[in-house]
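1. here is a sequence together with a model predicted from it:
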Amino acid sequence: MFSVRILAQTGKSTFGRVLFSTCAARNKYNEPLSGHDMVRAGGIASMMRLPVQSDTTGLDACFVGVPLDIGTSNRSGTRYGPRQIRCESALLRKVNSATGASPYDCMQVADIGDVNLNLYNLPKACEDIRRRFSDIVKDGCIPLALGGDHTMSYPILQAIKEKHGAVGLVHIDAHSDTHDLMLGEKIAHGTPFRRAMEEGCLVGNKVIQIGLRGSIYDTGDYDWAREQGFRCIQAHECWHKSLEPLMVEVREMMGNHPVYLSFDIDGLDPCFAPGTGTPEIGGLTSIQGLEIVRGCKGLNVVGGDLVEVSPPYDVQGTTALTGANLLFEMLCILQKVK
C-alpha cells in the first residue's frame, strides 16, 4: 500500500513536511516507490520516487537538486537538469543487480528538494548553495547533488570543508575546471576546483581528474593542476581499456581520507550523453563511467554530485537517465552499504 503521512514541524527553517512512504509499517527504511505499486508515469517526481522531506532529520544520505546554469559558458539549460533526472529516475529499481548493493535496506534516504538560489547573481547563488549544504552535512548526512552546472561544486566543497576539512576528489570530466578567470570572472563552471584548492578545500595529492580531453586554450592548460599534485588522466589514456586497474590505484591513493566524487556528465562521450553544455568527442563510455563509480567502493565518500545535464539538448532524456543511474551507483558505494 502507498501511504501518506503529514508531519507538522516547527523551527526556523521548516514549517512542515510531507513524507510519501511505501509500506511504512513494514519497513525501517524509506524505499523507492515500486513500478509494481504505481505506474512509472505516476507518483511524485522525486529522485527514484523516494519520500520527500524538507530537511535531513533522520537521514543517512539525501538527494538534493541544484538548478543552476548561470555559470555556463556555452549551452545553458542545466537549471532543468535536476527535474529531468528525477523524472527519468522513475525507471530505477532498489537493488543494484551487478554489485548486489541494496542501499535502501541499510540506510535512510530521501529527496530533500532543491536549493533555493539566486539566478540573477552567481556569487550570491554560490552563497545560497554553501549555506544549504552546510546545513545538510552538519549532522553527518551525505549529500548526492543533482546539477546544475559545475560551478556548484565550489560552494558544496566549501560546506564539506566545514564538516570534514580538506578532502580528496575523484573528478570525472572532459575539462579540468581549474581556470583562474573566465571572461574576467573568478567564479564560473570552468573555475570551481581552482577556487576550492585555493581555499584549502582539497588535498592536492589526493585529487584525480579522469577523462580530460578536447581542444584547449594553451599547451599549459593542465600545468596548474599538476603543480598542485593533481593526477590528470586524459581520455585517450582510457581508450579501449577497462578502468578497474586505475581505480585500484585510486583507492590506494585516497586511503581512508574523506573523498568527494564529482561527475560531470560531459566526461562521457556525447554519443552516451549529448544533453550537456560543452560536449567533447572521444570521451569515456558509460561502462567506464560505471567502473569509476563502482571503483570508489571502499572509499570514505562524504558527498558527490552529477552535473551539467542540459535537458533541452537531449529531448529523448538519455543524458538525464544516464545521470540518474550514476547517482544511484554513487548511493550504492557509500560506506554504510554492504
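-> Received the coordinates, thanks.
2. quick one: low-confidence ranges for the chain?
-> Residues of the chain that meet the criterion pLDDT under 70 lie in 1-27.
3. just the helices from it, written as ranges.
-> Taking DSSP state H as the criterion, the chain carries its helices at 81-88, 122-137, 153-164, 192-198, 223-227, 244-254, 286-294, 318-332.
4. for Glu31, see how far away the closest residue to Phe328 other than its chain neighbours is.
-> Nearest non-adjacent residue to Phe328, counting by Cβ to Cβ, 6 or more residues apart in numbering: Leu92, 5.4 Å away. Just so you know, the C-beta spots here come from the backbone N, C-alpha and C atoms, and that holds for glycine as well. Using Cβ to Cβ, to the nearest Å, we find Leu92 at a distance of 12 Å from Glu31.
5. those two - which one has more neighbours?
-> A count of neighbours by other Cβ atoms under 10 Å puts Glu31 above the other of Leu92 and Glu31, at 21 against 18.
6. list the contacts for the closest residue to Glu291 other than its chain neighbours?
-> Of all residues not flanking Glu291 in the chain, Leu243 sits nearest, at 4.4 Å (Cβ to Cβ, 6+ apart). The contact partners of Leu243, taken as Cβ atoms under 8 Å, 6 or more residues apart in numbering, are 210, 284, 288, 291-292, 295.
7. which outside residues touch stretch 127-136?
-> Stretch 127-136 is contacted from outside by 13, 55-56, 62, 64, 66, 68, 112, 115-118, 143, 145, 152, 155-156, 158-160, 162-163, 303, using Cβ under 8 Å, 6+ apart.
8. in JSON lines, list the helices of the chain along with mean neighbour count and distance to Ile233.
-> Shown next, in JSON lines, are the helices of the chain (neighbours: other Cβ atoms under 10 Å; distance: least, Cβ to Cβ, whole Å):
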{"stretch": "helix 81-88", "mean neighbour count": "24", "distance to Ile233": "25"}
{"stretch": "helix 122-137", "mean neighbour count": "20", "distance to Ile233": "27"}
{"stretch": "helix 153-164", "mean neighbour count": "24", "distance to Ile233": "18"}
{"stretch": "helix 192-198", "mean neighbour count": "23", "distance to Ile233": "15"}
{"stretch": "helix 223-227", "mean neighbour count": "15", "distance to Ile233": "11"}
{"stretch": "helix 244-254", "mean neighbour count": "16", "distance to Ile233": "7"}
{"stretch": "helix 286-294", "mean neighbour count": "21", "distance to Ile233": "10"}
{"stretch": "helix 318-332", "mean neighbour count": "24", "distance to Ile233": "18"}
